[in-house]
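Peer 1: Quick check, what structure comes out for this input:
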Amino acid sequence: MHPRVKVYKLSEEGEWQDKGTGHISLEYMEQSDAMGLLILAEENQKTLLVHKIRPEDQMYQRGEESTIITWHDFELNSDVAISFQEQIGCEHIWNQIVQVQAEVQKRSSEGPRLDKQESQPSGEYLFVDEKGLELPWPELNTIEEISRVLNNASPFQRDRLVPTLLKPNWIPKLIDVFKQAEDLDDSATLAHMYGAVKGAIMLNDAAVLEELLKDQYVMDIVGALEYDPELKSPQPHRQFLNTSVAFKEVVPIKDPTILAKIHQTYRTQYIKDVILPRTLDDATYATLSSLTLFNNVEVVSALAADPNFLKQLFLSLEAASSSDPEWADLVAFLQEFCNLARHLQQANRQQLFNKLVQLGLFEQVTRILKVGNESTKLKATDVLLSIIQHDTPALRTFLLKQPNHMMFALLIREFTEGAGDSGLPEQVADLLKQLLDPDTMDTSVEKNEFLDVFYDQFLGRLLDVLVQDKGINPREGTRSVPAATIGLVVDLMCFLVLQHSFRCKYWALRNQLVPKVMSVLRRKERWLVCAAVRFFRTMLSIKGDIEFYTRIILKGNLLEPLMTVFIENGTRYNLLYSAVLELLEYIRKSNIKPLIEFLVVHYSDRFADMDYTETFKGLRVRYEQHQDAGAESEEARARALASTRTGEPPLRGLTYAFGLDGEPLGPAGRAEPVGVLRRRRRDERDLEKSEEDYFESDDNEADTAEGPSSHEQQQQQHQDLGNRHRRSRSRSPDVEQGGKEQQGGEGAQHQAGVGVGSGLGEGARTESG
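Peer 2: As a prediction, this is how the structure comes out:
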């Protein structure tokens, strides 16, 4: 196995420089007498990197599930990084590096040892002077020696043993010895044969594995692995492979090379997963997995390149009846083919999926969802998941444009009515989340046609599940909905609240989304109650939507059933207790005043008994702070209102108004409140307000008007405005004359307002007291 990698070197400027693409392997370096990493260029086999593996801890670094290994190379005096194309290849090389480091550290701690011809009690071969290490020729009397050498070889020795196994006729001779021992019923030799074959596999060399798994050898290799000495009796692996396993060609495959690859892949998986799962180390397991993966990719690529194979597949699907067993086999093949196609290179994968869609893939999936059984429906949704991981817009476009949105309706039906233990609702839920994910949409959430269809036609059907459930609505419920389905619905609602903020709020306001979801609190399953709490918490987690959902919560009194469930839970420290407590703590930290007030006002007595946490005390403190701040604000407003009502001037001293003659207006120079004067001044200047409105509203009309009629209308409006100006000026003498005739405070007050408002006198004058 030689994984494909890219080599990077850190420059002096701190930038990673691409040094090329190649294939990496672990090799023995004779000059340094150590194991090292060798990377050869992909195109011309030029050496890109040679690195001796060093034993220091923390020398090599790799993140969890990462495909990059980095270290500081002292010879290059720079940091080096290797980026793997596949994670499984990265794990394979990483495990080899770890093994070599452990071996070198072990050697350094034990000190050097000499290679001696005498047998060692421990059966271990020595590390110094290994040039003479060779496997004996397979014979009945040498199988024990072969088994010991192969199973006790260190990583340094394994690469030197590989050429011996690949010598002409070495493996065929080993197979002949196995047949002789089995004919003789030699249990001891057969046990050593198991060790020899297992040791050959554990060398973890791709060429050796390819040779052992050839069609002419593989069944005898499996037979040798039947005689595990740790088991009481031999295991009938060959009998199972020959009689119980049947290879079905739903569509004929004419290329014998592809057929051989298919058989080899299955047997490799059987050895890896059934025969040797206990004994394989991580590196060998990764190598076998990679060999399987590469074979699958090769098979899928060859079938996709066949111009007739896929056409024949879809013709057979269309012609077969849903009750025909052959139809189920065709659906299973389609599922397996799409799953394996995900491992192709991006360009090849996209080309293949486009070809499948053109051949009618989505139409066939629609038919399967309509008439198939649970098993075939599950395979159909798995096909959609394989497609949607790499081409979401294609499926979204089909669902949108299909007449009557048939596949969409069938998916919703399987979500809401499917058996809870079939796994089908879970797959549909994952499918819907990916289809509704705004990150994969070309347009915004508010303007997306696909979301219009979902919200208008299908979201209500999902919420009807909660209304129809007898566990939630014992009186009005019509059926018993599986708990798993209800949990999936609540989880999807959480997703919509987070991802479709504005659209979901608008829909929730019209369709009672929040009360319906919170009704799940009535279910007896505690994990469903926790799901409702999680939905409650999700609503309050979006800063811009807290006020909106708070109003809905208080209007529907939705905190009461939540607190009732919490109180009924008592002092049991379970998941429900933790979820509600975290929600209350979030309300306190976020300082959501309406909810804090509701909790303290209605449950303060309960909080007094809950002294085992500081959350409830914190809610009371928050509430008291709000009350103190509200009282101070109310007192300030009261003072301002009282000041206005009593006529107290905001300035020190007394305020007087004077007329044109310089005499104070009002009895004995009594001052009018400034607020009254200002209000009356505004009243008298209402004409000026209308003038401003005229100029603001008619400018645009005058600019856009056309013809003589608009011009004449404009002249008439200006003439009317002039008349209003003249009437406004003519009123002042009349009012002043009326003031001379009137007696008492009211007349003085009226004249004072006119005197100040009309602007005819000197205005108001203030004398300090």
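Peer 1: Find the nearest non-adjacent residue to residue 359, please.
Peer 2: residue 314 (4.7 Å; C-beta to C-beta, 6 or more residues apart in numbering). Bear in mind the C-beta positions are built from the backbone N, C-alpha and C, glycine included.
Peer 1: Just give the number of residues close to residue 163.
Peer 2: Neighbour count of residue 163, defined by other C-beta atoms under 10 Å: 13.
Peer 1: Contact partners for it?
Peer 2: Contact analysis of residue 163 by C-beta atoms under 8 Å, 6 or more residues apart in numbering lists nothing.
Peer 1: coming back round to it: how much space between the residue nearest to residue 359 and residue 303?
Peer 2: 13 Å (C-beta to C-beta, to the nearest Å).
Peer 1: ditto for residue 621
Peer 2: Taken as C-beta to C-beta, the span from residue 621 to residue 303 is 70 Å.
Peer 1: Looking at those two, which one has more neighbours?
Peer 2: Counted by other C-beta under 10 Å, residue 621 and residue 303 do not tie: residue 303 has more neighbours, with 19 against 14.
Peer 1: and residue 280, backbone torsions?
Peer 2: phi -70, psi 140 (degrees, to the nearest 10).
Peer 1: make that residue 185, sorry
Peer 2: The phi/psi pair for residue 185 (degrees, to the nearest 10) is phi 60, psi 40.
Peer 1: quick one, what contacts it?
Peer 2: Residue 185 neighbours (C-beta under 8 Å, 6+ apart): none.
Peer 1: Model confidence for it, exactly?
Peer 2: On pLDDT, residue 185 comes in at 89.
Peer 1: Grab the nearest non-local neighbour of residue 94.
Peer 2: Residue 94 sits nearest to residue 62 (C-beta to C-beta, 6+ apart), 5.6 Å away.
Peer 1: I figured residue 455 hits residue 508, correct?
Peer 2: No: using C-beta atoms under 8 Å, residue 455 makes no contact with residue 508, being 10.5 Å away.
Peer 1: remind me which residues of the chain are low pLDDT?
Peer 2: 1, 30-32, 109-133, 156, 420, 630, 633-634, 641-769 (pLDDT under 70).
Peer 1: can you pull the contacts of the residue nearest to residue 94?
Peer 2: Here residue 62 is in contact with 68-70, 90, 94 (C-beta under 8 Å, 6+ apart).
Peer 1: Filter those down to the buried ones.
Peer 2: By the neighbour-count criterion of 16 or more other C-beta atoms under 10 Å, the contacts of residue 62 include these buried positions: 69-70, 90, 94.
Peer 1: which residues sit in contact with residue 575?
Peer 2: 526-527, 530.
Peer 1: repeat that with 7 Å
Peer 2: Residues near residue 575 by C-beta atoms under 7 Å, 6 or more residues apart in numbering: residue 530.
Peer 1: thinking residue 537 is in contact with residue 583, fair?
Peer 2: Yes: counting by C-beta atoms under 7 Å, residue 537 does reach residue 583; the two are 5.1 Å apart.
Peer 1: Looking at the two, which is more packed in?
Peer 2: residue 583 (20 against 16).
Peer 1: so what's that one up against?
Peer 2: Here residue 583 is in contact with 533, 536-537 (C-beta under 7 Å, 6+ apart).
Peer 1: what about it, distance to residue 595?
Peer 2: Taken as C-beta to C-beta, the span from residue 583 to residue 595 is 10 Å.
Peer 1: again with residue 218
Peer 2: In terms of C-beta to C-beta, residue 218 sits 68 Å off from residue 595.
Peer 1: more neighbours, those two?
Peer 2: Shown here are residue 218 and residue 595; by other C-beta under 10 Å, residue 595 has more neighbours (21 against 18).
Peer 1: Grab the nearest non-local neighbour of the more buried one.
Peer 2: Using C-beta to C-beta, 6+ apart, the nearest residue to residue 595 is residue 587, at 5.1 Å.
Peer 1: so which strand or helix has that neighbour?
Peer 2: helix 575-590 (DSSP states H and E).
Peer 1: Pretty sure residue 25 sits in a helix.
Peer 2: No: assigned with DSSP: H, G, I helix; E, B strand; the rest coil, residue 25 falls outside any helix and is strand.
Peer 1: Of the contacts of residue 583, which is the nearest to residue 12?
Peer 2: residue 537 (50.1 Å; C-beta to C-beta).
Peer 1: which SS class is the closest one?
Peer 2: From three-state DSSP, the assignment for residue 537 is helix.
Peer 1: Then the one 4 residues further on?
Peer 2: Secondary structure of residue 541, reduced to three states by three-state DSSP: coil.
Peer 1: Out of the contacts of residue 62, which sit inside strands?
Peer 2: 68-70 (DSSP state E).
Peer 1: wait, which of those is closest to residue 205?
Peer 2: Out of the ones in strands among the contacts of residue 62, the member with the shortest distance to residue 205 (by C-beta to C-beta) is residue 69, at 20.9 Å.
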